[in-house]
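In: give me the fold of what follows.
(2 chains)
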2 protein chains.
Amino acid sequence: MAEYFQIKCQENSSRTGILHTVNGDVLTPTFVPVATQGAVKTLTPEDLKSLGASIILANTYHLYLRPGIDVIKFFKGLQNFTNWKGPILTDSGGFQGFSLKHLRKITEEGIKFKSHIDGNLHMLTPELAIEYQGIFNSDIIMPLDVCSPNKETEESSRFAMERTHRWMLRSIKVPKSEHQTLFGIIQGGFYKDLRKESCEFLTSIDVPGYGLGGFSVGESKKLMYDTVEYTTGMLPKDKPRHLLGVGSPEDLVEGVHNGIDLFDCVLPTRIARNSALFVEKGRINISRSIYKSKDVPIEDDCDCYTCLNFSVAYIHHLFKAKELLAFRLASIHNLRYIFKLMESMREAINIGEFGKFRETFWDGYTPPNEATRQIQKEKWLNSLGRR
Amino acid sequence: MAEYFQIKCQENSSRTGILHTVNGDVLTPTFVPVATQGAVKTLTPEDLKSLGASIILANTYHLYLRPGIDVIKFFKGLQNFTNWKGPILTDSGGFQGFSLKHLRKITEEGIKFKSHIDGNLHMLTPELAIEYQGIFNSDIIMPLDVCSPNKETEESSRFAMERTHRWMLRSIKVPKSEHQTLFGIIQGGFYKDLRKESCEFLTSIDVPGYGLGGFSVGESKKLMYDTVEYTTGMLPKDKPRHLLGVGSPEDLVEGVHNGIDLFDCVLPTRIARNSALFVEKGRINISRSIYKSKDVPIEDDCDCYTCLNFSVAYIHHLFKAKELLAFRLASIHNLRYIFKLMESMREAINIGEFGKFRETFWDGYTPPNEATRQIQKEKWLNSLGRR
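Out: Below you'll find the model as predicted:
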């Protein structure tokens, strides 16, 4: 298993590398677009490849409910079912144990869910999560974990972390296909002692990769960055690290700065559908009336299909007219922005100029207002079980 | 103007031809996909070209309201605004005078609309409809007309037809760009005498092309086909005929049989978004549970992107999971079906075998149940002003 991840260049904590899977190689650091239900919203596999995606993420909880394990079993895995011919990472459903909190009960056995679709009860155990991911035939798989909310007490965070560790040991015992790599998930909330304990535990059992869980749950950016930095500082250098559920441009830059190799997040495509577009200086809302007659692309030097073909005014019109094409064109732009950012960071690290790159990024970029961001995040998390 | 349309082959009433515009040629008979608000729902201009579209239709009433005439004027026309590089036909807004009946008042001056967006009042006159289409820079333009509902009295149908004729004379007087072709619209409901009178009037003023209006308004298929046959029989052979708002597979075949050259309809893309897909034998509803585990394309011999890449089970899943990609993949399949049908009909006419083609089509094809169809149509028409 040792040769499946190779570091290419290192600059301080940042590094580039290559992750080999039977379904293809992944250049790191990279972003993993989220195909929760087996499709990245509005996009085809061809779209994703042309945008720069080399690996996608799908979700065990959602796919278990719909289309169901039997269907994916019949297709012999997600690659055949979705026609994404490349590496796939699957999430365990642990995050839904956090985000669908009014619909679940967590016990030592596992997570009991009330389906957000029809209200039926379902039990997801650490063993079942691995078994299902075996059926999905995904390349990187995640153990079921318990994710603590922001501002959880140390006692509760410890309890969640220790349960996550016990579930990890149960997950390891489940047989897997040879090509499947089971990451360990680090929990511990925002308590450094706990994060340290979690890293030590996972390192002691020699997991082949690390998922950093429990981030982007409502904490401040500063607390996130500090905790990520502290955590990656304790991890072995030769194993990949995935910062789970994180993916705003500023988080990607700070994550790479702190030694993260993989990121996934619905943010780029979710905000695209809400008419928020990434540009060099931050985000713009294309629905604003100032864009009504603007005959320029979203960004002058952007090479995405949307920018090469359509004006800001046309995209503004599509959003105002509620045309479905708006969601697609905006998703294409935002994902291309993210993949170009990852490409630029890899290039910068490879030539030893990531420090400079990061400075230039922050000189030009203004992140969204923190208070607004927190309100939006809260709203989104609250909406999840009600979709 | 005479050379802009050439007949290539003729078989009984059916014919193939070529329509020249400054933005490209159109092989007829063909289908004109509907980009009501400047976009065919879920699809890009590149998608449309690759599906086989050579001309698209946009709607004056909708574009006048959103993005507004000023925006399109600023872009010097719809081609620049939408990035569709090809011929464009624009509809006048006359059909909305019919379909949005609870939101409009028709007088001799024109149609007063209460906007379906914000309730504001707007006046569309025959002169303004032409002026706006001049700003749109569309290649084929339609005069404002008055479309009678099904089962209208002969007296009312006559009144609507005569007003349509008076509006036509007013439309002709408005200056146009040299490359713009103004069709005349034949009305008269389902009264043969009126249709005859309308044809005679338009022929007497020597219009360069004919729109057959007032069809697909709730009448039976038989009545539609009979009236179309009767009407085209009275038209000069050397001018193109457009059957407005009609476009189910069976209507296309019968329309071509009766000498129609152009069709437009939202049906293929609208039913696609409702999970109804065209297949050789008729229509299937991909949401039905029998498709849950089917590892075959929608149609074995279909060359569309959807059929080449995805199984019935995956598309079924996307619809059940309410994934936006479903609408796109289904629209691609349905439009490709329509364009292949048009290509096959052109080929059949060119080799003198359209009669045989039509027989084979009907041997394999079962149209949707007439009663169900009427209910769906009624439901759709009633929903239009409430979107």
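
In: tell me, what's the model's pLDDT at the most centrally placed residue in chain A?
Out: Geometric centre of chain A, nearest residue: residue A:264, 1.5 Å, by C-alpha atoms, centre = their mean. If you check residue A:264, the pLDDT there is 98.

In: now do the one 10 residues further on
Out: The predicted local confidence for residue A:274 comes out at a pLDDT of 97.

In: and it, how many neighbours does it have?
Out: When neighbours are defined as other C-beta atoms under 10 Å in any protein chain shown, residue A:274 has 15 of them. In short, each C-beta sits where N, CA and C put it, glycine included.

In: what is the end-to-end distance of stretch A:63-70?
Out: 10 Å (C-alpha to C-alpha, to the nearest Å).

In: and the closest residue to chain B within the stretch 51-200 of chain A, what does it touch?
Out: Nearest to chain B in the stretch 51-200 of chain A, going by C-beta to the nearest C-beta, is residue A:67, at a distance of 4.3 Å. With contacts defined as C-beta atoms under 8 Å, 6 or more residues apart in numbering or on different chains, the neighbours of residue A:67 are A:38, A:81, B:292, B:313, B:316, B:317, B:320, B:321.

In: quick one, phi psi at the closest residue to the first one other than its chain neighbours?
Out: When you say that, I think you mean residue A:38. Spatial nearest neighbour of residue A:38, chain neighbours left out: residue A:82 (4.8 Å); criterion: C-beta to C-beta, 6 or more residues apart in numbering or on different chains. The phi/psi pair for residue A:82 (degrees, to the nearest 10) reads phi -90, psi -10.

In: was I right to think residue A:82 contacts residue B:314?
Out: Yes. The pair residue A:82 / residue B:314 is scored as a contact, 6.5 Å apart, by C-beta atoms under 8 Å.

In: quick one: common contacting residues for the two?
Out: Joint contacts of residue A:82 and residue B:314 (C-beta under 8 Å, 6+ apart) are residue A:38.

In: identify the residues contacting stretch A:153-161?
Out: Contacts of stretch A:153-161 (C-beta under 8 Å, 6+ apart): A:146, A:147, A:148, A:152, A:187, A:188, A:189, A:190, A:191, A:194, A:197, A:198.

In: tell me the buried residues in it?
Out: For stretch A:153-161, burial by neighbour count (16 or more other C-beta atoms under 10 Å in any protein chain shown) applies to A:157, A:158, A:160, A:161.

In: now that stretch: average pLDDT?
Out: For stretch A:153-161, the mean confidence score works out to 97.

In: for the residue of the stretch 151-300 of chain A found nearest chain B, phi and psi?
Out: Here the stretch 151-300 of chain A gets closest to chain B at one residue, residue A:293, 5.1 Å apart by C-beta to the nearest C-beta. Residue A:293 has phi and psi values of phi -120, psi 20 when expressed as degrees, to the nearest 10.

In: what's the local residue count around it?
Out: Neighbours of residue A:293 (other C-beta under 10 Å): 19.

In: so what's it up against?
Out: Contacts of residue A:293 (C-beta under 8 Å, 6+ apart): A:313, B:70, B:71, B:74.

In: also residue A:311?
Out: Counted by C-beta under 8 Å, 6+ apart, residue A:311 has contacts A:294, A:295, A:296, A:297, B:75, B:81.

In: buried ones among those residues?
Out: With neighbours counted by 16+ other C-beta under 10 Å, the contacts of residue A:311 contain buried members at A:294, A:297, B:75, B:81.

In: what about residue A:159, which helix or strand?
Out: Taking DSSP states H and E as the definition, one finds residue A:159 inside helix A:154-173.

In: what are the contacting residues of the helix or strand following that helix?
Out: The C-terminal neighbour of helix A:154-173 among helices and strands, as given by DSSP H and E, is strand A:181-182. For strand A:181-182, the external contacting residues (C-beta under 8 Å, 6+ apart) are A:1, A:4, A:21, A:130, A:139-143, A:171-172, A:176, A:207-209.

In: can you tell me which of the contacts of stretch A:153-161 has the most neighbours?
Out: Going by other C-beta under 10 Å, residue A:198 tops the contacts of stretch A:153-161 with 30 neighbours.

In: is it fair to say that residue lies in a helix?
Out: Yes. Assessed with DSSP: H, G, I helix; E, B strand; the rest coil, residue A:198 lies in a helix.

In: enumerate every residue touching it.
Out: A:161, A:164, A:165, A:186, A:187, A:188.

In: next one, pLDDT for the residue nearest to residue A:38 please.
Out: For residue A:82, the pLDDT comes out at 98.

In: for it, which residues are in contact?
Out: A:35, A:38, A:39, A:45, A:58, B:314.

In: of those, which is the most crowded?
Out: Top of the contacts of residue A:82 by neighbour number is residue A:35, holding 29 neighbours under the definition other C-beta under 10 Å.

In: hang on, that residue packs against residue A:83?
Out: No. Here residue A:35 does not reach residue A:83: they are 11.3 Å apart, not a contact under C-beta under 8 Å.
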